[in-house]
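Asker: got a predicted structure here, sequence first:
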2 protein chains.
Amino acid sequence: MAAALKVGVAGLGTVGASVIKILDERRDALTASSGRPIQVTAVSARERGKDRGVDLNNIKWHDDPLTLAADANVDLVVELIGGAEGKARATVETALKNGKPVVTANKALLAAHGLALAALAEEKNVSLAFEAAVAGGIPIIKTLREALPGSRLDRVSGILNGTCNFILTRMEEDGLSFGEALALAQKLGYAEADPTFDIGGFDAAHKLAILTSLAFGTQIDADAIYVEGIQSISPLDLATAEELGYRIKLLGVATRTEAGIEQRVHPTMVPKSAPLAQVMGVTNAVQISGSASDITLVGPGAGGAATASAVIADIVDVARGASRLPFGVPVKELQKLERAAIQTHKGGYYIRLDVVDRPGTAAAIATRMAEQEISLESILQRKPRDKKLAEAIENKTQTVPLVLITHATSESAVRKALDDVLADGHIHGSPQVIRIEKEH
Amino acid sequence: MAAALKVGVAGLGTVGASVIKILDERRDALTASSGRPIQVTAVSARERGKDRGVDLNNIKWHDDPLTLAADANVDLVVELIGGAEGKARATVETALKNGKPVVTANKALLAAHGLALAALAEEKNVSLAFEAAVAGGIPIIKTLREALPGSRLDRVSGILNGTCNFILTRMEEDGLSFGEALALAQKLGYAEADPTFDIGGFDAAHKLAILTSLAFGTQIDADAIYVEGIQSISPLDLATAEELGYRIKLLGVATRTEAGIEQRVHPTMVPKSAPLAQVMGVTNAVQISGSASDITLVGPGAGGAATASAVIADIVDVARGASRLPFGVPVKELQKLERAAIQTHKGGYYIRLDVVDRPGTAAAIATRMAEQEISLESILQRKPRDKKLAEAIENKTQTVPLVLITHATSESAVRKALDDVLADGHIHGSPQVIRIEKEH
């Protein structure tokens, strides 16, 4: 039996505690899988006294994760501090510089500095592994990095943020407003006190940036992602989607197009029969398609045990000596990402307008669409179910929502047409625009 | 750059030709992933002259795969001959004995001799890899072997045979009879001229045997699998399932139970809302659940490119030096499989009986069920839609189907009750029994 792999865990939140617990509970099975024992020799966190439900006796405590990262009695550093800068970044850099492999769940760090850190890992010939950074319980990193080299991938897309999917599911199934569903998510611990990072789509964007790089062999470019959150989605949008045969999901999508690689995160209408439309609550899912593959992976996106399990899979890979280059190919061989701007996006659109209720408005709007060569699949004008709102429309003090569904068209045409409609004074407020993905 | 990995391909059917084609087309990407070029240096097949759409010039031809397996100019042998014995087995054995890693798609060989071959591979310290053997395009072997060491698995189940799923889908969606759907599958190349191996459930059983071993760390025991095919499924069963909110799928299921590991392949009623119920046509899907995971993988089960892609992923693993023990842990550490007999299975049952139409029959049957403490969730007696059949029932020359849905009960209780019902003379022919899985 080879010598034990000595692990230092920096960050002892839910995931960190769960990692230590599982390493203890599954000691024998993990030794068999790894060919050597795995032993936690050091930990670091902000509060030493806190009860985390795990026994930290006989484990060296570091107040500073940087001293853990340099501890000679640590062979591998698990970074669970979080954040793109500060201690998290310094811990990973210190570990790699000391020739220690790193396992991290930190998508923000990878989205910002993944390439530089991977280059450092390659220079030191050690692993930088991050299965837990994207879709916690789903082995999407291993799948993209190792399982599909025979396929030229064209598209990777998915439900990458459990908080948003939970909110949209509750809005759809229970008729909650966005605010009510968000409050429920916060109460259940699925959303932070400041939820912007999740509901604004930024968390999903960090994850998509990593998946794009693995799928297409391109340099991570999170800034090239077009991002919209779910804050503007209303019960009316969900009800209309339902009538039209769609569900609304926050998707991250990366595709090869003629204009380059298109990366976007936004609320999306997907046909109810599509695999991604079946994914409810905090569950995540990723679809990958290419020349020789078309697979969907579904599983928990977060949660202590699922994310800890991903961390442990990475540790076992290192213990076995079966580690791979962080991005599957040497960093220097990753291509610069040729960005396809959102304006070149082509697809169907759902457009909801608060229309001024006077003769000729619909015709004028349709004309503006036609001028941009946008062809309409359907036009739906529905009175709100709310009685007061219906009365207000009768009294002409309230606008009537008009919903347009377009055939495939370009984003730039839609934007131009809507600018014209807005300038014409036919609508109140901003148009609600939701992209439709029939491929899912 | 390290020296090229020299590959010999034994068996040049659709998959073998596709492997050669993809290795050629994706040469640069694969070299980047592997850290070294991958080069096909030898091939073997029965007919030399046949046009396979790939250029075999400059590749050494072996009439006998055994000489390929011993060829000093071959570093790795891809076995795509098929069959549990004969040339396939001898080729793999010869390659391993010569210290050459083997990549194979041969589930029959693995189900029968996987342990002995894996032991030989371990002894020689080379890989025996078989991603392509189960659910072609889905990376289920890598997932079970490498992605979930942190989770104690309780259950693995799936749609493992595309032919059966295609037949059941066409029966359900187009109202075809079993015979008609089978004929269509044969016409489209989804079923063999002799379809027994697929429709009888034996192909799914071979695959399940491999998954069970990986999921539970047990020795492969294909003989311990309870197997039923789909031949007896009628349009009436599918129509009744639809009414009751189920779909019928041929599932392979392996679970931990108090009585041991239960392995079974049979037609199964799954709720329409379950992920596996969404899987249509020749697509495969696998669900895995355990202490820290609950994931579903969906993708193509067969097809030249998808299966070839799995073969290539294994080749790249070997080229990279990232290979793993064939079953994730040393063969000698695999536990003997404690078999839970099908009689101890617990679950719901759909039972369709061709009942003699006379007073008291339903009551007598219900009594027999009650004697075995089987509680019934619903009883459904429906006249066939077929006019002639309905007339025959009017004339009492034809029986009326009676459908019983039970709450969770044991297989042995159901069998005893049905034996009694049969002995009572209340029914014609054999009862149709389909197990219900609500967990899916």
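Answerer: Great, that's in hand.

Asker: element containing A:Thr31?
Answerer: helix A:27-34 (DSSP states H and E).

Asker: which residues are in contact with that helix?
Answerer: A:1, A:5, A:23, A:37-38, A:312, A:315-316, A:319-320, B:149-150, B:152, B:217, B:328-330, B:333 (CB atoms under 8 Å, 6 or more residues apart in numbering or on different chains). Every residue, glycine included, has its C-beta placed from N, CA and C.

Asker: if you set the cut-off to 6 Å instead, what comes out?
Answerer: A:37-38, A:316, A:319-320, B:149, B:328-329, B:333 (CB atoms under 6 Å, 6 or more residues apart in numbering or on different chains).

Asker: are any of those buried, and which?
Answerer: For the contacts of helix A:27-34, a burial check counting by 16 or more other CB atoms under 10 Å in any protein chain shown picks out A:37-38, A:316, A:319-320, B:149, B:328-329.

Asker: the residues you listed in strands, which ones?
Answerer: A:Ile38 (DSSP state E).

Asker: reformat the buried ones among the contacts of helix A:27-34 as TSV; add distance to A:Ala259 and pLDDT.
Answerer: Conversion of these to TSV gives the following (distance: CB to CB, whole Å; pLDDT from 0 to 100):
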residue	distance to A:Ala259	pLDDT
A:Pro37	52	97
A:Ile38	47	98
A:Val316	41	96
A:Ala319	44	95
A:Arg320	42	92
B:Pro149	42	94
B:Gly328	44	94
B:Val329	48	94
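
Asker: and the helix holding A:Thr31, which residues are buried?
Answerer: For helix A:27-34, by 16+ other CB under 10 Å, it's A:29-34.

Asker: what about A:Ala364, which SS state?
Answerer: helix (DSSP: H, G, I helix; E, B strand; the rest coil).

Asker: quick one: average pLDDT of the helix holding A:Thr31?
Answerer: Confidence over helix A:27-34 (mean pLDDT, whole number) is 95.

Asker: before we move on, the earlier item: need the max-distance pair from the buried residues of helix A:27-34.
Answerer: Greatest spatial distance in the buried residues of helix A:27-34: A:Ala29 and A:Ser34, 9.5 Å, computed using CB to CB.

Asker: for the contacts of helix A:27-34, which one is nearest A:Leu402?
Answerer: Nearest to A:Leu402 among the contacts of helix A:27-34, with distances taken as CB to CB, is B:Pro149, at 54.9 Å.

Asker: now the closest one, what are its backbone angles?
Answerer: phi -70, psi -20 (degrees, to the nearest 10).

Asker: quick one: contacts for it?
Answerer: Contacts of B:Pro149 by CB under 6 Å, 6+ apart are A:30, A:33, A:312-313, A:316.

Asker: I figured A:His428 hits A:Asp354, correct?
Answerer: Yes - the criterion here is CB atoms under 6 Å, and A:His428 meets it with A:Asp354 at 4.5 Å.

Asker: the more surrounded of the two?
Answerer: A:Asp354 (17 against 12; other CB atoms under 10 Å in any protein chain shown).

Asker: quick one: pLDDT of that one?
Answerer: On the pLDDT scale, A:Asp354 gets 89.

Asker: tell me the one among the contacts of B:Pro149 nearest to chain B.
Answerer: Chain B has its nearest neighbour among those in A:Ile312, at 3.4 Å by CB to the nearest CB.

Asker: identify the residue spatially nearest to that closest one, adjacent ones excluded.
Answerer: B:Gly150 (3.4 Å; CB to CB, 6 or more residues apart in numbering or on different chains).

Asker: what about that neighbour, how many residues nearby?
Answerer: Neighbour tally, B:Gly150, other CB under 10 Å: 31.

Asker: isn't it up against A:Lys21?
Answerer: No - the criterion here is CB under 6 Å, and B:Gly150 misses it with A:Lys21 at 10.1 Å.

Asker: what sits in contact with each of these two?
Answerer: With CB under 6 Å, 6+ apart, B:Gly150 and A:Lys21 have no common neighbours.

Asker: what's the first helix or strand after the host helix or strand of A:Lys142?
Answerer: Secondary structure assignment for A:Lys142, by DSSP H and E: helix A:140-142. Using DSSP H and E, the helix or strand that follows helix A:140-142 towards the C-terminus is strand A:153-159.

Asker: what about the next helix or strand after that next one, average pLDDT?
Answerer: Next in sequence after strand A:153-159, counting helices and strands by DSSP H and E, comes helix A:162-174. Across helix A:162-174, the average pLDDT comes to 95.

Asker: packing partners for the helix or strand following helix A:162-174?
Answerer: Once helix A:162-174 ends, the next helix or strand along the chain (criterion: DSSP H and E) is helix A:178-187. Under the contact definition 3 or more CB pairs under 6 Å, 6 or more residues apart in numbering or on different chains; DSSP states H and E, helix A:178-187 sits against helix A:162-174.

Asker: who touches the helix it packs on?
Answerer: Taking CB under 6 Å, 6+ apart as the rule, helix A:162-174 contacts A:159, A:176, A:181-182, A:184-185, A:190-191, A:198, A:230, A:238, A:248, A:250, A:280-282, A:284, A:301-302.

Asker: ok, now with 7 Å
Answerer: A:159, A:176, A:178, A:181-182, A:184-185, A:190-191, A:195, A:198-199, A:230, A:233, A:235, A:238, A:247-250, A:279-284, A:301-302 (CB atoms under 7 Å, 6 or more residues apart in numbering or on different chains).

Asker: ok, A:Gly137 - contacts?
Answerer: A:299-300, A:306, A:309-310, B:293, B:295.

Asker: go on, A:Val421?
Answerer: A:365, A:368, A:427.

Asker: tell me the pLDDT at it?
Answerer: At A:Val421, pLDDT is 94.

Asker: surely it forms part of a helix?
Answerer: Yes - under three-state DSSP, A:Val421 falls within a helix.

Asker: could you chop chain A up by domain?
Answerer: Split into domains by automatic domain parsing, chain A comes to A:5-133, A:147-300, A:345-436.

Asker: all strands for the stretch 1-150 of chain A, in order.
Answerer: Applying DSSP state E, counting those that start in this stretch to the stretch 1-150 of chain A gives strands spanning A:5-10, A:38-44, A:60-62, A:76-79, A:102-104, A:128-129.
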